[in-house]
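*Asks:* How does the following fold in three dimensions:
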Amino acid sequence: MYRPRDTPRARREQEVVDDLRDLVGVSERIAHAFAARHGLHPTDLQALIHVMRREGAGDPLTAGELAGLLNVTTGAATGVVDRLERHGHLRRDRGDTDRRKVFLRYGEPGQELAQEFFGPLGRRSGAVMDQFDDAELDVVHRFLTGMGRAFTEHHDEL
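*Replies:* Numbering: from 1, shown residues only. The predicted model follows:
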């Protein structure tokens, strides 16, 4: 990790690593600001992100799956879901085919708060992405996916 940056390639790689650190840092500060503004625990916010992503992909989560993603017990996940449901951020929805299964959905009040808070960031992010063609976005996506795998593998080994 700490090696001489004595070639143009090595200096560019260090710039990319520094850019990633900066992006992660500011992303965390934004997430903490949202959580603080709406009385959420950081785990609550992570839960909302997981629910939003899976629901957006058409594959809603169960509380048990959420527990696994958050790396907490099912009891702790139920506490998170209860808290988020009480504040309108989530709702529980019984499955159509198996009524015993309960899926987690993003609640409308929570969606409105998130849109109000993150909407300007979405517009700014969209303006940045508009500067790249599809092929460039494919490369960025491939890079970020690969880095995500590397981070996940390292975390799993810890």
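
*Asks:* Determine the number of other residues adjacent to Gly79.
*Replies:* Around Gly79 there are 15 other residues, counting by other CB atoms under 10 Å. The C-beta positions use only the backbone N, C-alpha and C, and glycine is treated the same way.

*Asks:* element containing it?
*Replies:* helix 74-86 (DSSP states H and E).

*Asks:* From the contact counts, what lies against that helix?
*Replies:* In this structure, helix 74-86 packs against helix 42-56, helix 63-70, strand 90-94, with contacts taken as 3 or more CB pairs under 8 Å, 6 or more residues apart in numbering; DSSP states H and E.

*Asks:* so which of those comes closest to Val140?
*Replies:* Taking CB to CB, helix 42-56 is the member of the helices and strands packed on helix 74-86 nearest to Val140, at 18.5 Å.

*Asks:* among the helices and strands packed on helix 74-86, which is nearest Arg9?
*Replies:* Closest among those, using CB to CB: helix 42-56, at 34.0 Å.

*Asks:* Which phi and psi values does His38 adopt?
*Replies:* Backbone torsions for His38, taken as degrees, to the nearest 10, come to phi -110, psi 20.

*Asks:* still on that earlier bit, now the helix holding Gly79: average pLDDT?
*Replies:* Averaged across helix 74-86, pLDDT comes to 94.

*Asks:* same thing with stretch 6-25?
*Replies:* Stretch 6-25 comes out with an average pLDDT of 94.

*Asks:* relative orientation of the host helix or strand of Gly25 and helix 42-56 in degrees?
*Replies:* Assigned by DSSP H and E, Gly25 belongs to helix 8-37. Angle of helix 8-37 versus helix 42-56, following axes from the mean of the first three to the mean of the last three CA atoms, to 10 degrees, is 100 degrees.
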